[in-house]
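Asks: structure, please.
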Amino acid sequence: MRTLDNKVVVVTGAGSGIGRAVAVNAAGRGALVAVSDVNDDGLAETVELVKDHGARAVRSDHLDVADRDAFGAYAGAVADQFGRVNVVVNNAGVSYSGPIEEIDYDGFDWIMGINFWGVVHGTMEFLPHLIASGDGHLVNISSLFGLVSMPGQATYNAAKYAVRGFTESVREDMLMARHPVGVSCVHPGGIRTNIVRGGRVTGGEDLADMADMFDAKLAKTTPEKAAQVIVGGILHNRPRVLIGADAHAVHTLAKLLGARYQDVFTAAARRTLPQRSR
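Replies: Residues are numbered from 1 along each chain as shown. Okay, the predicted model is just below:
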């Protein structure tokens, strides 16, 4: 795939952040765009931005990616409307932070339902349409935390590592079968989005403090830059896409240190995280 012009591009979690920026970028390249989110107000704003940037057509849906039946119906409706699907960006995601001794099963179920199962649903339901298009590309958003682990992020790490393993295996299956579908697993570093501020924390944490720390110290890359890198990954068929200098630096450091990176990153977290998280 060398262009998004006249391609049907599907983006979940498009009501803000990276999802919105990817939809807008694709629209500016002449794509037909299908966007979804559970945030209806944010999604409406995205639709207007997508139209302003020249999308050939726009479809908008309220979609909970954790709902398997709803996702199946959605994929069928998108394919029926546009006649094909060329690109799927499984972007919808949430955060849940806190030490493992405070994590509960409901929190695990919630984050895995969206961050992992949402990606699986989007892949499984749309993959036949991507194959049938003859020119498809699947993008699953993992995280820097799908390459390295961090203290206080057991559930998020679990989901994002799972996305990485799943996506890399899907790519191998596409290669084995010689299907015309590229597959990219994306690992953003700190992106200026509301994922932390709109997320959840355990009872011993302060969400506002956590979000303020993320915004001030970690969120260094704009969603627009992230979208540019993701689209570049699609057009160059990159299997792994890292976003941000922080993602590249941390990934490289972890490879150099081996398993000892865990000790180094824990020491750094003690100096960086809000007091309650230490």
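Asks: what about the helices in the chain?
Replies: With helices called from DSSP state H, the chain shows them at 17-28, 40-52, 68-82, 105-111, 117-133, 154-177, 207-213, 223-235, 245-257, 261-272.
Asks: including mean neighbour count, distance to Arg192 and mean pLDDT, could these go into TSV?
Replies: Yep, even glycine has a C-beta here, placed from its N, CA and C like the rest. Shown next, in TSV, are the helices of the chain (neighbours: other Cβ atoms under 10 Å; distance: least, Cβ to Cβ, whole Å; pLDDT from 0 to 100):
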stretch	mean neighbour count	distance to Arg192	mean pLDDT
helix 17-28	26	8	98
helix 40-52	16	15	98
helix 68-82	16	28	98
helix 105-111	15	21	96
helix 117-133	21	22	98
helix 154-177	18	18	98
helix 207-213	17	12	88
helix 223-235	20	6	98
helix 245-257	15	12	95
helix 261-272	13	17	92
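Asks: turn those into a markdown table, including distance to Val196.
Replies: Formatted as a markdown table, these follow (distance: least, Cβ to Cβ, whole Å):
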| stretch | distance to Val196 |
| --- | --- |
| helix 17-28 | 11 |
| helix 40-52 | 16 |
| helix 68-82 | 25 |
| helix 105-111 | 13 |
| helix 117-133 | 18 |
| helix 154-177 | 10 |
| helix 207-213 | 5 |
| helix 223-235 | 14 |
| helix 245-257 | 15 |
| helix 261-272 | 13 |
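Asks: Ile195 is nearest to which of those helices?
Replies: Closest approach to Ile195 among the helices of the chain (Cβ to Cβ): helix 17-28, 6.7 Å.
Asks: the closest one - contacts with which helices or strands?
Replies: strand 8-11, strand 32-37, helix 40-52, strand 87-90, helix 223-235 (3 or more Cβ pairs under 8 Å, 6 or more residues apart in numbering; DSSP states H and E).
Asks: so which of the ones you listed gets nearest Tyr156?
Replies: Using Cβ to Cβ, the nearest of these to Tyr156 is strand 87-90, at 16.0 Å.
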